[in-house]
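Chemist: got a structure for you, letters missing:
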C-alpha cells in the first residue's frame, strides 16, 4: 500500500505530510463511511477560486462573461476527469465492490470528484500556497485553453476594426450594429447582435456572452460575406 | 470624496493601501466603462472558498449535502444584500444616472454584487489572509446561522435514535426505512424516505439532502404521530 501511494505521490509531484488525507481523498462513498465527499465540497470551492484568480490575473482585459466562459471550459467533469487520468488516480481509488466491478474507477464523475477531493487534501496538508502551486501545475494545459479562447476572442475583436477600416477605405458609411436578443440568467447571458451595411445590402448576425463579443462575430461574418478573409 | 471613503473604510474596519481598488469595487457598470464586474467574478469565487472552508472546519461531522445547504443559506443575494446594508455600501455606490434615479443603490442584486467586488478588492489589496479575516468578520452572524442549521440537523438526528429506543423499550420490531424517491442534480439531490412501523400501523415520510437527513425527518414525524414530543 505504502509503495502504491509513493508511486502516486511521485506522479502527483507532491509529498503529503499526512498520508491519511491522501487516503481519504481516494476513498469513494461506496467503499466506506469515512469517504471523500466532504473534501470534494471544499476542493470544488478551492478550484473555483484558484482558477478564477489565475484567469483574472492573466486576462486583464477580459470581461466577466469572458472569464466565466474560460472558467467553464476549464472546470467541468470532462476536463477534471482528463486530469485525473493524467494523475493516474483511477488506479488508486478505493471503491466498494459494486462500483469497482462496474468500472467506477474509469467513470468521469467519480474521477472528477476525486480530483476536487485531492485538491482539498493538499490544502489541508500544506495550506493555500501549496494548493495554488499544485492546481496551477496540474491545470497549466487547461489554463492554456483559456488563453486560446481569449486569442480567439482577440481575433474576433479585430474583425470589427477591420470591417470599419474597410468601409472607410471605400468611403462608405460605417456598419450599423444592433442587439436583437438577450437570453439567459444574469451571469450567463447570450447576446445576439445584427450588423447591417445598407449601402452594401448585407445583414449578418453574431452571438456571444457580451455585446462586444457578439458584435465581433457579426463583423467577422460580414467580412466573409464581402469576400474578405476573416 | 476622500472623506466619504474614509467613513466607509472606518465602517468596514479595513483600510485600503490602494484606494483605487475600493473605488473600482463601488463602480457599477452603469456608471462607467471601468466597472466592478471583473472584481465581482473574482469575489464570488473567493467568498465561496472562504465560507466553504469555515463551514468545513466548524462542522467536522456534517455531510457534503449539509455543508452545501449551509453555504446556500449564507451565500445568496438576500443575505449578501443584508451585509451590504450593514456595510452601508449603498451610500457609496457609483451608479449611472438611470440606475441612480430608479433606486439602484437599494436593489438587492446590485448590493450583493458590490459585496463580492469588495471582497475581491480586499484580496487584491492585501492578500488572502486579510481577505479571509475580512470575510469571517462580516459573515460571522451568517456563519452562525449555518451553526443553527446544524443544530437543527443534530436534533433531527436524535429522532431516529429516539424512535429506535422507543421501539426497543416496547419490545417492538424496529422501524423500516426506505428511499422512495431521489430527485435533482448530483450535488443537490433531494431524498424522500418513508418510515414504516407495521406493528403500530404508521407510515411517515421525510425528505432531505441526504438519505440520513431524510430518515431523521421521517423518524421525527413518526415520533409526533406516536404522541412523543419531537
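Modeler: Happy to help now that I have it. For clarity, every value in this text was computed on a predicted model and none was experimentally measured. Residues are numbered from 1 along each chain as shown, chains lettered A, B, ... in the order given.

Chemist: ok, residues contacting the host helix or strand of residue A:195?
Modeler: Residue A:195 is located in strand A:190-197, with elements delineated by DSSP states H and E. If you take CB atoms under 8 Å, 6 or more residues apart in numbering or on different chains as the criterion, strand A:190-197 is touched by A:163, A:167, A:172-173, A:175-184, A:202-211, A:213-215, A:217-219, A:221-222. Backbone N, C-alpha and C define where each C-beta goes, glycine included.

Chemist: cool, stretch A:134-144 as well?
Modeler: Residues contacting stretch A:134-144 (CB under 8 Å, 6+ apart): A:12-14, A:46-47, A:50-51, A:54-55, A:58, A:73-74, A:79, A:83, A:86-87, A:119, A:122.

Chemist: rerun at 10 Å
Modeler: Stretch A:134-144 is contacted by residues A:12-14, A:43, A:46-47, A:49-51, A:53-55, A:58, A:70, A:73-76, A:79-80, A:82-84, A:86-87, A:115, A:118-119, A:121-123, A:125-126, A:145-146 when judged by CB atoms under 10 Å, 6 or more residues apart in numbering or on different chains.

Chemist: Of all the residues in stretch A:126-143, which ones are buried?
Modeler: By 16 or more other CB atoms under 10 Å in any protein chain shown, the buried positions in stretch A:126-143 come out as A:126, A:128, A:131, A:132, A:134, A:135, A:138, A:139, A:142, A:143.

Chemist: Just name the closest of those residues to chain B, please.
Modeler: residue A:128 (5.8 Å; CB to the nearest CB).

Chemist: what's near enough to touch that closest one?
Modeler: A:46, A:49, A:50, A:122, B:49, B:53, B:127, B:128, B:129, B:132.

Chemist: Just the pLDDT for it.
Modeler: Note on residue A:128: pLDDT of 96.

Chemist: So which residues of chain A form helices?
Modeler: A:2-12, A:19-25, A:37-58, A:64-74, A:77-87, A:97-101, A:108-126, A:128-138, A:140-169, A:211-225 (DSSP state H).

Chemist: Mind telling me which of those helices the model trusts least?
Modeler: Among those, helix A:140-169 scores lowest, at a mean of 78.

Chemist: quick one, it and helix A:77-87 angle?
Modeler: On the basis of axes from the mean of the first three to the mean of the last three CA atoms, to 10 degrees, helix A:140-169 is oriented at 130 degrees to helix A:77-87.

Chemist: what inclination does helix A:140-169 have with respect to helix A:37-58?
Modeler: 40 degrees.

Chemist: quick check: domain ranges of chain A?
Modeler: A:2-138, A:158-225 (automatic domain parsing).

Chemist: rewinding a little: which of the contacts of residue A:128 lies closest to residue A:26?
Modeler: Distance to residue A:26 across the contacts of residue A:128 (CB to CB) is lowest for residue A:122, with 12.8 Å.

Chemist: circling back to that earlier point, kindly reformat the contacts of residue A:128 as TSV and extend each row with distance to residue A:63.
Modeler: Compiled in TSV, those are given as follows (distance: CB to CB, whole Å):
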residue	distance to residue A:63
A:46	24
A:49	19
A:50	21
A:122	31
B:49	22
B:53	28
B:127	25
B:128	24
B:129	29
B:132	27
